[in-house]
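Colleague: Sequence first, predicted coordinates after that:
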Amino acid sequence: MVNSAVFIVLRRMRAPIIALIALYAISVFGLTLVPGIDAAGNPAPPLSFFHAFYFISYTATTIGFGEIPGAFSDAQRMWVTLCIYLTVVGWSYAVITLIALLQDKGFQNTLTGNRFRQRVRRLKEPFYLICGCGETGSLIAHNFDRLGQAFVVLEKDELRVQELDLQDFKTDTPALAADAQIPDNLLLAGLKHPRCRGVLAVTNDEQANLGIAIAVRLLNPKIPVIARARSPSVAANMASFGTDHIINPFTRFAEHLAEAIAAPERFRLVELLTSLPDTAIPLPHRPPRGHWILCGYGRFGRAVAEHLQPTGITLSVIDPGQADADRSIVGDGTAAPTLRQAGIDTALGIIAGTDNDVNNLSIAVTAKELKPGLFIVLRQNQAANNALYDAFAASFRMVPSHIVAQESIAILTTPLLARFLKLLHEQPESWCHALVERLQNLGDGRTPTVWSIRLNASEAPAARQELMYRGAFALGEILRDANERSQSLPAIALLVERGDHLHLLPDSDFPLAAGDHLLFASSLTVLNKLKLTLQNANELDFILDGRADSGSWAWQWLSRRLGVSPVAGAANGRRPAAPARARQ
C-alpha cells in the first residue's frame, strides 16, 4: 500500500517535476551566458554557475532578494523577467496537478487503505472482523463497544463507513469502505492477524456472505465464522465449507414463535438470555393456540408454516401466488374482504409476513379493526421504520437484523450459553418461570448481560492463585459486595463447567475449583465488579476474608509501623484468617 501511494505520486507528478527541472536548468544556464556590467557600467563577464543557481533558486520561488553579487545589465534583467514568468507557469502547473492528485479518488482510497492497515496492525487485543455494517452490523458493533470488545469493520458502502466514524465509540475503531468478498480486503482487515478471534459475515447479500465464509475457511480455517443466510440452498453451501454458525433469521424466528406457543416460559427465558444486553426487557409473548392467518408465503412464510404445524396451529394462507395451495386465498391481506374470507372472525392470530413494511402495517391495522383482540405478529424489514412499528405496538415483532445480532453476540461473547440453552429442554415450565422471575429482578427493567469467565491464569489470575495455593472457596463468597460484605451482588450463576460435567444453577455453597468455567447473568456494573474481584488479589482477599493487608510490601510495612489493623472490619461470614502467602 505504501509503495502504491508513492507510485501514484511519482506517476502523476512526473510531468510537472520534469517541467520544473527543465525550466530551472534553462534559467540557470541562460544566466551563465548573458554578460553583465560592473559598478562603473563597463561590460563584465556573466554570472558563475553557483551565483546563477543561487539567484534563480530564490527568484523562481517568488521569494525575491535583490540583484547579487552586483547590479544586472539590461540583458540580464530581460532574461530574468522571462525566467520569472516561465517558472511561475511551471509552479502553477505543479500545484494544480498536486491538488488534482489529492482529490483523486484512487489516491485517497490508497491513503485510506494504508492508514487502515496500520491501525489494524497496531491492535494489541483480541478483535472480531465485522463484514457489513448495515442494520445488523451496526447493532453488533455498538454492543461490542459497550462490552469493551475490539472489532474491525469492512463495509462496501462508503457513506455507512463515514456514519460509523461519527458514532460515539469508546475506542478508535478501524473501518474501511471495501468489498469484503475480495480476499485481499479480508487480509488487509486482519484475517490472518494473530489477535483475530472470528469473522461475522452479516451483509444484506447472502451471496456475499457465502463468498466471505468460503474465503475465511480457505485463508484462516482456525478461526470461527458466523454467516447470515436466508435461503436453504445458500445455507447448505455454507455448511459444505464448514461454516461454524449459519443464522437464518426467518427460520430462527419461526422456531421462536413455535416455542412461544408450545413452551411460553422456556421461550421467555431464552428471550431474556439472548436479548441485546442492557436493553429494555421485552413484554411477554403468549401466542394462543388455534386458527391463524398467514399473509405472505415466501421464504419467511414457508418457514413459519413449517414450524407452526407441529404445535397444532391451523393456518389460512393469503398470498398472490398460492391459488392451488390448501387453505389458501389469493390476495395480499390488506383488504378486509380477503381477511374475512380467510376466517378472521374465528382466528386467534395473524402473521403479517410479506417483504413490504407498508403492506405489513396495512394488514395489521385492517386486522385489528376487524378483530381488536387478535394476536398480531408483524414482520419488520427495515429498521428505518421503527417509529411506525413502535406506534402500532404489535403483539410480536420480527426484525431480522435484531435476530442475527442477538445470536451472533451470544455465540461469540458467551459460547457457554449455547450449552446452557440445550439443558433448558430438559427442564419443566415451572423451573423456567422461576428463573425468569429471578432474571427480571436483576436490573431496573433492563435485560441482563450474560457473560462467562474461566478461573485460569489469563482470565481470573487472583481466583486461580487462591484456589491453587490456599484452598477452595464457595461460589457465594465471591458474590459478596465489596462495599457491604454482608450483602450479595445481584448476579445469578447459571452454569459451572468442570471438565466434562455441567452443574446447572449451582447454589451459593457450591465449591469452586481452578479451571472452572462459570456462566453468569448480571448487569454490566456487576460484571465489572465480579471481574475485578476474580482478577485482583487485593480485592479478592478483602471479599473472602475482610483483610486489607494484601497490598504491596511497602503498604504492609507502613501498616505495621502505624499499628493499623490488617483487618478492615471483619464482616459477617468471614473465613478463618489464613497466613499471608507470597505472590506467585
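Modeller: Right, received. Where do you want to start?
Colleague: Tell me the neighbouring strands of the strand ranked longest in the chain, and mark each as parallel or antiparallel.
Modeller: Using DSSP state E to define each element, the chain has its longest strand at strand 491-498. Using DSSP bridges, strand 491-498 pairs in its sheet with strand 501-504 (antiparallel), strand 517-522 (antiparallel).
Colleague: Deepest in the core, which of those is it.
Modeller: Sort those by mean neighbour count, taking mean count of other C-beta atoms under 10 Å, and strand 517-522 sits at the top with a mean of 24. C-beta: built from backbone N, CA, C; applies to glycine.
Colleague: what does that strand contact?
Modeller: 273, 414, 416-417, 420, 439, 442, 448-455, 489-498, 512, 527, 530 (C-beta atoms under 8 Å, 6 or more residues apart in numbering).
Colleague: Pull the distance from it to the chain's centre.
Modeller: 22 Å (C-alpha atoms, centre = their mean, to the nearest Å).
Colleague: Next: stretch 19-33.
Modeller: Counting by C-alpha atoms, centre = their mean, stretch 19-33 comes out at 59 Å from the chain centroid.
Colleague: mean confidence score for it?
Modeller: For stretch 19-33, mean pLDDT is 92.
Colleague: Just the buried ones among the contacts of strand 517-522, please.
Modeller: The neighbour count (16 or more other C-beta atoms under 10 Å) marks 273, 414, 416-417, 420, 439, 442, 448-455, 489-497, 512, 527, 530 as buried among those.
Colleague: Just to be sure, which of those are found in helices?
Modeller: 273, 416-417, 420, 439, 527, 530 (DSSP state H).
Colleague: returning to what we had before: please enumerate residues in contact with the longest strand of the chain?
Modeller: Under C-beta under 8 Å, 6+ apart, the answer for strand 491-498 is 273, 416, 419-420, 423, 435, 438-439, 442, 448, 450, 475, 479, 502-506, 510, 512-513, 515-522, 526, 530.
Colleague: cool, stretch 161-181 as well?
Modeller: 112-113, 116, 119-120, 123, 131-133, 138, 141-142, 145, 148, 150-158, 160, 185-186, 188-189, 201, 203, 208, 211-212, 215.
Colleague: residues of it that come out buried?
Modeller: 161, 164, 169, 173-181.
Colleague: mind listing the strands for the stretch 151-300 of the chain?
Modeller: With strands called from DSSP state E, counting those that start in this stretch, the stretch 151-300 of the chain shows them at 175-177, 196-201, 225-228, 245-247, 291-295.
Colleague: Identify the neighbouring strands of the longest one in the sheet and state each direction.
Modeller: Here strand 196-201 is paired, per DSSP bridges, with strand 127-131 (parallel), strand 225-228 (parallel).
Colleague: Just the CA coordinates for the last one, please, in CSV.
Modeller: These are the backbone C-alpha positions of strand 225-228, laid out as CSV (Å, rounded to 0.1, in the frame of the first residue of the first chain):
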residue,chain,number,x,y,z
VAL,A,225,-17.0,-17.6,11.1
ILE,A,226,-20.7,-16.6,11.6
ALA,A,227,-22.6,-16.1,8.4
ARG,A,228,-26.1,-14.8,7.7
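Colleague: rewinding a little: can you say which of the strands paired with strand 196-201 is packed in most?
Modeller: Counting by mean count of other C-beta under 10 Å, strand 225-228 has the highest mean neighbour count of those, with a mean of 30.
Colleague: rewinding a little: and the strands paired with strand 491-498: which comes nearest residue 223?
Modeller: Minimum separation from residue 223 across the strands paired with strand 491-498 (C-beta to C-beta) falls at strand 517-522, 20.3 Å.
Colleague: Just the CA trace of the closest one, in PDB.
Modeller: The C-alpha trace of strand 517-522 is given here as PDB (Å, rounded to 0.1, in the frame of the first residue of the first chain):
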ATOM      1  CA  HIS A 517     -15.800 -22.200  33.500                       C
ATOM      2  CA  LEU A 518     -18.600 -20.000  35.000                       C
ATOM      3  CA  LEU A 519     -21.600 -18.600  33.300                       C
ATOM      4  CA  PHE A 520     -23.200 -15.500  34.900                       C
ATOM      5  CA  ALA A 521     -26.200 -13.200  34.300                       C
ATOM      6  CA  SER A 522     -25.900  -9.700  35.800                       C
END
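Colleague: who touches stretch 141-149?
Modeller: Contacts with stretch 141-149, where a contact means C-beta under 8 Å, 6+ apart, come from 126-128, 130, 133, 150-151, 153, 164, 167, 169-171, 173, 276-278, 405, 409, 413, 449, 524.
Colleague: Which residue lies nearest the spatial centre of this structure?
Modeller: Among the residues of the chain, residue 141 comes closest to the average C-alpha position under C-alpha atoms, centre = their mean, at 2.3 Å.
Colleague: quick check: angle from the host helix or strand of it to strand 127-131?
Modeller: Using DSSP states H and E, the element containing residue 141 is helix 135-147. With axes from the mean of the first three to the mean of the last three C-alpha atoms, to 10 degrees as the basis, helix 135-147 and strand 127-131 are set at 160 degrees to each other.
Colleague: How about helix 135-147, which residues are buried there?
Modeller: 135-141, 143-145.
Colleague: And for stretch 359-376?
Modeller: So, applying 16+ other C-beta under 10 Å, buried residues of stretch 359-376: 359-364, 366-367, 371, 374-376.
Colleague: just to revisit the earlier point, so can I have JSON lines of the strands of the stretch 151-300 of the chain showing distance to residue 98 and mean pLDDT?
Modeller: Putting the strands of the stretch 151-300 of the chain into JSON lines (distance: least, C-beta to C-beta, whole Å; pLDDT from 0 to 100) gives the following:
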{"stretch": "strand 175-177", "distance to residue 98": "24", "mean pLDDT": "92"}
{"stretch": "strand 196-201", "distance to residue 98": "38", "mean pLDDT": "94"}
{"stretch": "strand 225-228", "distance to residue 98": "43", "mean pLDDT": "94"}
{"stretch": "strand 245-247", "distance to residue 98": "49", "mean pLDDT": "93"}
{"stretch": "strand 291-295", "distance to residue 98": "61", "mean pLDDT": "94"}
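Colleague: Now do the closest residue to residue 140 other than its chain neighbours against residue 445, distance only.
Modeller: Spatial nearest neighbour of residue 140, chain neighbours left out: residue 405 (5.0 Å); criterion: C-beta to C-beta, 6 or more residues apart in numbering. Separation of residue 405 from residue 445 (C-beta to C-beta, to the nearest Å) stands at 21 Å.
Colleague: Check residue 9 too.
Modeller: To residue 445, residue 9 is 57 Å away according to C-beta to C-beta.
Colleague: So these two - more neighbours on which side?
Modeller: Neighbours of residue 9 and residue 445, each counted by other C-beta atoms under 10 Å, are more numerous for residue 9; the result is 15 against 8.
Colleague: For burial, what's the neighbour tally of the closest residue in space to the more buried one that isn't next to it in sequence?
Modeller: Of all residues not flanking residue 9 in the chain, residue 101 sits nearest, at 6.8 Å (C-beta to C-beta, 6+ apart). When neighbours are counted by other C-beta under 10 Å, residue 101 registers 17.
Colleague: so who does residue 101 touch?
Modeller: 8-9, 12-13, 107.
Colleague: Could you list the buried residues of the helix or strand harbouring it?
Modeller: Here residue 101, judged by DSSP H and E, is contained in helix 74-103. For helix 74-103, burial by neighbour count (16+ other C-beta under 10 Å) applies to 76, 79-80, 83-84, 86-87, 90-91, 94, 97, 101.
Colleague: Ok, stretch 528-547 next?
Modeller: Judged by neighbour count (16+ other C-beta under 10 Å), stretch 528-547 contains these buried residues: 529-531, 533-547.
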